[in-house]
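A.B. asks: attaching a predicted model along with its sequence, questions to come.
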Amino acid sequence: MTTAVIGKPISRVDGRAKVIGSATYAAEFDQPNQAYAAVVRSTVAAGRITSIETAEAEQAPGIVAVLTHRNAPKLAYAPHKGFTDPAIGERLHVLQDDRVNHQGHPIALVVADTLEQANHAATLLRVTYAPETAATDIDAGEPVLPTQQKTDQATTQPPETRRGDPAGALASAEVKVEQTYVIPRENHNPIEMHATVAAWNGDRLTLWDKSQYVYGVAEEIAAVFGIRAENVRVVSPFVGGAFGSGLRAWSHVTLAALGARVAGRPVKLMLSRREMYYGTGFRPHTVQRVALGASRDGRLTAILHDGYEETSTYEEFAEALLDATRILHSCPNVYTRHRLVPMNVHTPIWMRAPGEASGVFALECALDELAVALDIDPVELRLRNEPEQDEFKSLPFSSRSTRECYRVAAERFGWSRRTPKPRSMRDGRWLIGWGMATATYPVNFAPASAMARLLPDGTAEVTSAASDMGPGTWTSMTQVAADTLGLPIERVKFSLGDTRMPRTPPHGGSMTMASVGSAVQAACRKAREDALARGGANDLVGAMARLGQPVEATADSTPGDAGQRFSMHSFGAVFTEVAVDPDLGETRVRRIVGAYGAGRIVNPKTARSQCVGGMIGGMGMALMEHSVVDPRNGRVTNANLAEYAVPVHADAPPVMDVIFVDEKDPHVNPLGVKGLGEIALVGVAPAIGNAVYHATGKRLRELPITPDKLL
Ligand code: MOS
């Protein structure tokens, strides 16, 4: 029996359930006697509530409770800093006082028998405010150095770094470019909105919640209510996209639990699409200044990368904006400075390829500008500056396949046929542009646990409290388990998404395959060895039949010291072809070719799907996505999917080629995987921006690249 299933393009094991609608998402866990909650939100960006009239709402039909800061129970809000919480600051407290921190700040909760009754009564509150001057415009703000920068791998980086003499090297550089790049705020916009169903049983709480981190939700809500984390069960088997918005337990989870406690009934709270712009995080607006110095022959002599981004007034969220700059290209003199502008907005959160997507956009556009200034091919320029090691940490890379990625992607793309001059390539009346960029993302690995249970009938049940927001965790973990146990995939049932299962880190930072996968592998290995030893046979099915009772094993995976000895990152190269209508300024992306050195690929089918999703996300970033903030009141003027544009099928490039270069990395983790979720988005926006320059001769440094900017 050959059962090696790692590396096979297996279709999603949960695909059928999703297609026929039997996969249950958070808002579908209806409970008996359930009530419905609606949130009333502030219409000013800062100030105090001076009056809040609830009488009319309280008398509306079907009303169970109207909670405001005046009558809501005081919550414990015990100190708690989870893996995904900013290190500095304090989470938003809801309904505890009269303060308003941001537009959309929850100021009341209406609980009713039906959703319609709750929504209607929520319109009946009369609220007056004493508004205060609000920081709503990042350009008017004063950037400050954060206390510390915590990356999505929960490590910290200094906000300011320097090696060599960057300023001196820039001043004496033979060729230099210096520009500012701007990316506006973006919102995650998964198709499934955030939702929580909360039910109390005495002091025990169950939350059916859209989450990328069930243990994080349980621990946070336990701290908020001052109860033991073991008394909070969080269930989240399916997640309809999240991209990072599900990494923290936002205030609506607290509100659902609070509503259920006061109502004495289960409560369902589902956010509207509009509310998704006011309480579940976003990719912060960034402003980045990049200065590059180089010798005439195209060697980088100086990189200065100075960026700032918005955070809230009550927490310091600082993503890994400049980390890639320190390691992506070889350069002896590098300066990075990362600052924050506190704004009257709710706290941002990681959004797919957090930090890297934004930072690499600025760096890789600047590199393209340098290639133009030097009259050197952009791929050749990068090859001339390929580092031998991580020059920031002075460590060897565990593996780095950048050269191979450039080579295979360029070949597949046909890059050698590019004519370098802008506006030199056409297709009829369309201007054609070819652009490229480098991609990178760190390899993350955090402790995880899994349990494997072998049954006498020769099947196995494997569990781990992971999430699957779309990449195919259900499937890839089933593969790892089947492969390790030596069982056909049909004999393995994997399940996830429940705090009754062994603990895992957040489903983010591209660490699930490495962390949870290694734990699943370890648990299955242990169970198999145990069963074979006790069953006295060398085939597992025979051993289990002989034993006649289940064999269970739990195992942990923990990162070793490889991170001290190696710099561990995925690398990739992205090439794009755009067509720009010279009269209408419309940009169509025709082709994206990406090559990735991402270690071992567990499932080429879901991995390709993951990368295609990242390419489309990067295309949205380049051409469409923009949460437009009205500086008068901090309101998002396009808080809906009609006006917040994301790519739809008709926008998707007809050609999306995903190439995984062969990369065996024995250092990163037991499975040899590097993670794919984030790197798939990195590099796409700069490759498109560079292609638009090549097509039109116009260098657009502010995203998104919309037709008005090209005319
Ligand atoms: Mo990803 S932004 O770590 O969910």
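C.D. replies: Looks like it arrived, so ask away.
A.B. asks: which phi and psi does Asp209 have?
C.D. replies: Main-chain torsions, Asp209, degrees, to the nearest 10: phi -140, psi 150.
A.B. asks: chain neighbours aside, what residue packs nearest to it?
C.D. replies: Thr196 (4.7 Å; CB to CB, 6 or more residues apart in numbering). Just so you know, the C-beta spots here come from the backbone N, C-alpha and C atoms, and that holds for glycine as well.
A.B. asks: how close does the one you found get to the ligand?
C.D. replies: Counting by CB to the nearest ligand atom, to the nearest Å, the gap from Thr196 to the ligand is 18 Å.
A.B. asks: could you give the bridge partners of that residue?
C.D. replies: Taking DSSP bridges as the rule, Thr196 bridges to Asp209, Leu269.
A.B. asks: from memory it sits against Gly259, does it?
C.D. replies: No - the criterion here is CB atoms under 8 Å, and Thr196 misses it with Gly259 at 9.6 Å.
A.B. asks: can you list residues touching both of those two?
C.D. replies: Here Thr196 and Gly259 have Leu269 as joint contacts, going by CB atoms under 8 Å, 6 or more residues apart in numbering.
A.B. asks: which parts of the stretch 451-600 of the chain sit against the ligand?
C.D. replies: Counting by CB under 6 Å from any ligand atom, the stretch 451-600 of the chain comes close to the ligand at Gly508, Gly509.
A.B. asks: ok so, going back, between Thr196 and Gly259, which one's more packed in?
C.D. replies: Thr196 (32 against 29; other CB atoms under 10 Å).
A.B. asks: check contacts around the more buried one.
C.D. replies: Ala26, Leu207, Trp208, Asp209, Lys210, His252, Val253, Ala256, Ala257, Lys268, Leu269, Met270 are the contacts of Thr196 under CB under 8 Å, 6+ apart.
A.B. asks: what separation do you get for the second one and Gly89?
C.D. replies: When you say that, I think you mean Leu207. 24 Å (CB to CB, to the nearest Å).
A.B. asks: strands of the stretch 351-500 of the chain, residue ranges please.
C.D. replies: 425-427, 430-442, 448-454, 460-463, 492-495 (DSSP state E, counting those that start in this stretch).
A.B. asks: got the angle between the lengthiest helix in the chain and strand 448-454?
C.D. replies: The longest helix of the chain (DSSP state H) is helix 512-535. For helix 512-535 against strand 448-454, the angle by axes from the mean of the first three to the mean of the last three CA atoms, to 10 degrees is 40 degrees.
A.B. asks: tell me which residue of the stretch 251-400 of the chain lies closest to the ligand.
C.D. replies: Trp350 (3.7 Å; CB to the nearest ligand atom).
A.B. asks: wait, doesn't that residue sit right on Gly508?
C.D. replies: Yes - between Trp350 and Gly508 there is a contact under CB under 8 Å: 6.3 Å.
A.B. asks: sorry, back to before: what about the residue of the stretch 251-400 of the chain closest to the ligand, how many neighbours?
C.D. replies: By other CB under 10 Å, 26 other residues sit near Trp350.
A.B. asks: now the closest residue to it other than its chain neighbours: how far from Tyr181?
C.D. replies: What sits nearest to Trp350 in space, not counting adjacent residues and going by CB to CB, 6+ apart, is Gly244, at 4.1 Å. Taken as CB to CB, the spacing of Gly244 relative to Tyr181 amounts to 21 Å.
A.B. asks: which of the two has more neighbours?
C.D. replies: Neighbour count, other CB under 10 Å: between Gly244 and Tyr181, Gly244 has more, with 30 against 25.
A.B. asks: in the stretch 501-650 of the chain, which spans are strands?
C.D. replies: 551-557, 569-580, 587-597, 629-630, 635-636.
A.B. asks: what comes into contact with the fourth one?
C.D. replies: By CB under 8 Å, 6+ apart, the residues outside strand 629-630 that reach it are Thr136, Asp137, Arg185, His285, Arg635, Val636, Thr637.
A.B. asks: can you tell me which of the residues you listed lies closest to the ligand?
C.D. replies: Arg185 (15.1 Å).
A.B. asks: that closest one and Met351, how far apart?
C.D. replies: Counting by CB to CB, the gap from Arg185 to Met351 is 10 Å.
A.B. asks: tell me, what's touching these two both at once?
C.D. replies: Phe282, Arg283.
A.B. asks: so where's the chain uncertain?
C.D. replies: The model of the chain has pLDDT under 70 over residues 1-3, 148-156.
A.B. asks: for it, which residues are neighbours of the ligand?
C.D. replies: Counting by CB under 6 Å from any ligand atom, the chain comes close to the ligand at Asp152, Gln212, Phe243, Gly244, Leu247, Trp350, Met351, Arg352, Pro354, Gly508, Gly509.
A.B. asks: and whatever residue of the stretch 501-650 of the chain ends up closest to the ligand, backbone torsions?
C.D. replies: Nearest residue of the stretch 501-650 of the chain to the ligand (CB to the nearest ligand atom) works out as Gly508 at 2.7 Å. Main-chain dihedrals, Gly508, degrees, to the nearest 10: phi -170, psi 180.
A.B. asks: can you check Pro654 too?
C.D. replies: Main-chain dihedrals, Pro654, degrees, to the nearest 10: phi -60, psi -30.
A.B. asks: tell me, how many neighbours does the closest residue to it other than its chain neighbours end up with?
C.D. replies: Distances taken as CB to CB, 6+ apart place Arg590 nearest to Pro654, at 6.4 Å, with adjacent residues excluded. Residues near Arg590, counting by other CB under 10 Å, number 17.
A.B. asks: who's in contact with Arg590?
C.D. replies: With CB under 8 Å, 6+ apart, Arg590 has these contacts: Glu577, Val578, Ala579, Pro653, Pro654, Val655.
A.B. asks: name the residue closest to the centre of this protein, please.
C.D. replies: Closest residue to the average C-alpha location of the chain: Arg352 at 3.0 Å, with CA atoms, centre = their mean.
A.B. asks: that one contacts Ala242, doesn't it?
C.D. replies: No - using CB under 8 Å, Arg352 makes no contact with Ala242, being 9.2 Å away.
A.B. asks: quickly list what's touching both of the two.
C.D. replies: With contacts defined as CB under 8 Å, 6+ apart, the residues shared by Arg352 and Ala242 are His188.
A.B. asks: for Leu115, see how far away Ala263 is.
C.D. replies: 14 Å.
A.B. asks: those two: who's more crowded?
C.D. replies: Ala263 (23 against 15).
A.B. asks: which ones are touching Ser464?
C.D. replies: Shown in contact with Ser464 (CB under 8 Å, 6+ apart): 448-451, 477, 494, 496, 501-502, 504, 516, 519-520.
A.B. asks: of those, closest to Val692?
C.D. replies: Val516 (39.0 Å; CB to CB).
A.B. asks: before we move on, the earlier item: can you list the contacts of strand 629-630 in TSV and add neighbour count?
C.D. replies: TSV is the format used below for those (neighbours: other CB atoms under 10 Å):
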residue	neighbour count
Thr136	22
Asp137	16
Arg185	23
His285	24
Arg635	19
Val636	23
Thr637	13
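A.B. asks: isn't Thr558 right up against Pro447?
C.D. replies: Yes - judged on CB under 8 Å, Thr558 makes contact with Pro447 at a distance of 4.8 Å.
A.B. asks: dihedrals phi and psi, Pro686?
C.D. replies: Per-residue torsions, Pro686: phi -70, psi -40 (degrees, to the nearest 10).
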